[in-house]
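# Please work out how this folds:
(2 chains)
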Number of protein chains: 2
Amino acid sequence: MTLIVPVILCGGSGTRLWPRSRAARPKPFLPLVGEETLFEQALARCGDRAGFAAPMVVCGAHHAALVEEQLGAAAAASLVVEPAARNTAAAIALAALRLPADAVMLVCPSDHHIADPAAFAAAARRAAALAADGWLVAFGIEATSPETGYGYIRRGESLGEGAFRVAQFVEKPDLARAEQFLAEGGYSWNGGIFAFGAGTFLAELEAHRPAIARAARAAVAAGHDDGRRFHPGAAEFAAIESESVDYAVMEPTARAAMVPVSMGWSDIGNWQALHQARSRDAAGNSVIGRADLVDCRDVLVESDGPRVSVIGLEGVIVVVDGDEVLVTSAAGAQLVGKLPGASSQ
Amino acid sequence: MTLIVPVILCGGSGTRLWPRSRAARPKPFLPLVGEETLFEQALARCGDRAGFAAPMVVCGAHHAALVEEQLGAAAAASLVVEPAARNTAAAIALAALRLPADAVMLVCPSDHHIADPAAFAAAARRAAALAADGWLVAFGIEATSPETGYGYIRRGESLGEGAFRVAQFVEKPDLARAEQFLAEGGYSWNGGIFAFGAGTFLAELEAHRPAIARAARAAVAAGHDDGRRFHPGAAEFAAIESESVDYAVMEPTARAAMVPVSMGWSDIGNWQALHQARSRDAAGNSVIGRADLVDCRDVLVESDGPRVSVIGLEGVIVVVDGDEVLVTSAAGAQLVGKLPGASSQ
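Okay, the predicted model is just below:
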């Protein structure tokens, strides 16, 4: 059985769940659903050492201390500390260059919630087996609503039980197309979870984005280790083109595969999505912190201190964090990242 | 021209505008509309010493210091400090007993807002002239909507320009009756503003509530002065029956009169009423403190510190005060006094 190396990506600017998520402590490092942070949950999903090697965490320099604080049982993890943000192609290339060519990487964002970790683990095993055979494998997350905020993956021919070629990666659609995808079937969401052989990935990157591959090699060659942390060369890293792994590798490669998975996935893209992911009472309300709700339905309250009293409201989100108070409708939750407070932090 | 002694009543528990209004600093002592507190505005309305004597302020012991802080230009005011709350009949009786029998008292609650002080002053002059003639005079506030939270005054025969006998005091009506009053005309709101000759008031109180009159005399006889403060005897005061001036005197007396007045009056009975009394922008929003409003209509924000960001809401009230945050609909504003936070302070 292939040993899988979890490669946990900790990016993101933390504006869409402002004011709870801020630049200094973005989404992965907050206990947004349940007691553990999303990062801790990402580690725990890959915590079974019978199937997973110690993880490699790729994070920004500002967050390395947070990562180490939250490693918990994954103390054997290693870190790749990025001196700047250069998107996912660079992050994954650095991780691949630090691994043996025959290792299978399971690339996992750490800012998502997955309600069914067993389904995740089963899909990871299928994806790893395909990756070991030279496929570049995307998780195809069951599309349960016509979301316009995600890319979609159209399923191609079967590669065996629960595995398919990718027929097409589809950019974020408008609502009409998203509804059409759902009606037609055969479309999944692209949640940014991938399995790659490290050598295969680098070969494909070399083939389709040689400049990125070359710059990543230079950054690793100029890097140095500091305990469990690896620091790529700063100037060399800064020179890497900022590009997503989807554009750089998954779309151009002829070896793209996908494993469909239904695992209660949410990218918790805004407060309303978080409200859906949290456990709610019979009236649809969810509360973290001190709150008194009177005659409320589908209300989310989260407070880090002050008591929040809410009367007679439906579908409203109230977040109190330090010196910031956010009050928004479900629809308004999508605009939180554009608020002066969120964008000026 | 009769010299009028303003008798400013500072009662109230401060639950309906919680969390801004609290037991320690209730409604009269807050700058709810404009820069001045409601109490300061009440003093200012009677501040013309050509028509008004120095005011007498009746307040609870816990609020005497606040009253003195906010006297401003009314430094010649005297205070009657109540050791407990005994409703308006007792408060006015104490004030009357501290005044010459021929003084005309203008009894004014200090927890109301009056947008047109000139109209108030004109009505006060008419009411005082009637009071000097032995009438017990209520302000009849123009009823502009079918409110069910106020008592009404039905107008009787004319007593000259802008003055009428009271035909009937009507208890708080249900909505159907309130609508009928508005349709019929001849009904005004009873806002608790009165003009009395001090001697006349005491004679009528003696006639209709002799026990209250006797107990009030005993409390004054057992009292003592302390600078500008007068303290009635505590035990004697506690023995006074708690009764409103409406029940004790205005309803039973045969000498009840009223002066109709349209003066932009609001009792600011809840946050929604306060929102109406405040100046609003073109979208109907009003803000005190730091706030960012996006796509909002008829939203009130008041914060004593934290920034409040509101997105996509209509008719919502957000109040941040110390360790309490209130978020309510306009309709829910009527329930604020029943919140755990408001009722347990």
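# Could you use CA atoms for every contact and neighbour count after this?
Noted.
# what distance separates the start and the end of stretch A:306-319?
Using Cα to Cα, to the nearest Å, the end-to-end distance of stretch A:306-319 comes to 10 Å.
# Same question for stretch A:242-250.
End-to-end span of stretch A:242-250 (Cα to Cα): 15 Å.
# Let me see the mean pLDDT of it.
Stretch A:242-250 carries an average pLDDT of 97.
# Can you give me the buried ones in it?
A:Ser242, A:Glu243, A:Ser244, A:Val245, A:Asp246, A:Ala248, A:Val249, A:Met250 (16 or more other Cα atoms under 10 Å in any protein chain shown).
# Could you tell me how far that stretch lies from the centre of the chain?
Going by Cα atoms, centre = their mean, to the nearest Å, the spacing between the C-alpha centre of stretch A:242-250 and its chain's C-alpha centre is 15 Å.
# circling back to that earlier point, please narrow the buried residues of stretch A:242-250 to those residing in strands.
Secondary structure from DSSP state E places none of the buried residues of stretch A:242-250 in strands.
# so which of those residues comes closest to A:Leu17?
Closest approach to A:Leu17 among those (Cα to Cα): A:Ser244, at 22.3 Å.
# Just put the buried residues of stretch A:242-250 in TSV and tack on distance to chain B.
Formatted as TSV, the buried residues of stretch A:242-250 follow (distance: Cα to the nearest Cα, whole Å):
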residue	distance to chain B
A:Ser242	32
A:Glu243	32
A:Ser244	31
A:Val245	34
A:Asp246	33
A:Ala248	37
A:Val249	39
A:Met250	37
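# Other residues contacting the longest helix anywhere in chain A?
Of all segments of type helix in chain A, defined using DSSP state H, the longest is helix A:117-132. For helix A:117-132, the surrounding residues in contact (Cα atoms under 8 Å, 6 or more residues apart in numbering or on different chains) are A:2, A:4, A:45-46, A:102, A:104-106, A:114, A:136-139, A:162-163, A:194-197, A:257-263.
# Which ChimeraX command selects the buried ones in those residues?
This is the ChimeraX syntax for the buried subset of these, where burial follows 16+ other Cα under 10 Å:
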select /A:4,45,46,102,104,105,106,114,136,137,138,139,163,194,195,196,197,257,258,259,260,261,262,263
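# Return the subset of the contacts of helix A:117-132 lying in helices.
If you go by DSSP H, the contacts of helix A:117-132 have A:Arg45 in helices.
# neighbours around the closest residue to chain B within the stretch 1-150 of chain A, how many?
Proximity of the stretch 1-150 of chain A to chain B (Cα to the nearest Cα) peaks at A:Pro19, 9.6 Å away. Neighbourhood size, A:Pro19 [other Cα atoms under 10 Å in any protein chain shown]: 24.
# Got phi/psi on it?
As for A:Pro19, its main-chain torsions (degrees, to the nearest 10) stand at phi -90, psi 0.
# my read: it touches A:Val327, true?
No: judged on Cα atoms under 8 Å, A:Pro19 makes no contact with A:Val327 at a distance of 10.6 Å.
# Quick check: neighbours shared by the two?
Shared contacts of A:Pro19 and A:Val327, counting by Cα under 8 Å, 6+ apart, come down to A:Val319.
# Roughly how far does the residue lying closest to A:Asp295 once chain neighbours are set aside sit from B:Asp298?
Take A:Asp295 and drop its neighbours on the chain: the residue closest to it by Cα to Cα, 6 or more residues apart in numbering or on different chains is A:Gly312, 4.8 Å away. When distance is defined by Cα to Cα, A:Gly312 is 16 Å away from B:Asp298.
# repeat for A:Leu97
57 Å.
# Among the two, which residue is more densely surrounded?
Applying other Cα under 10 Å to A:Leu97 and B:Asp298 shows that B:Asp298 carries more neighbours, namely 21 against 18.
# Kindly provide the distance from the nearest residue to A:Glu147 once chain neighbours are set aside to A:Gly191.
Leaving aside its sequence neighbours, A:Glu147 sits nearest to A:Ala178 (Cα to Cα, 6+ apart; 6.3 Å). Note on A:Ala178: its distance to A:Gly191, by Cα to Cα, is 15 Å.
# List phi and psi for the residue nearest the centre of chain A.
Most central in chain A under Cα atoms, centre = their mean is A:Pro109, positioned 2.6 Å from the mean C-alpha point. A:Pro109 has phi and psi values of phi -60, psi 150 when expressed as degrees, to the nearest 10.
# contacting residues for it?
By Cα under 8 Å, 6+ apart, the contact set of A:Pro109 is A:Ile8, A:Leu9, A:Cys10, A:Gly11, A:Ala42, A:Gly192, A:Ile193.
# One more pass at 7 Å, please.
A:Ile8, A:Leu9, A:Cys10, A:Gly192, A:Ile193 (Cα atoms under 7 Å, 6 or more residues apart in numbering or on different chains).
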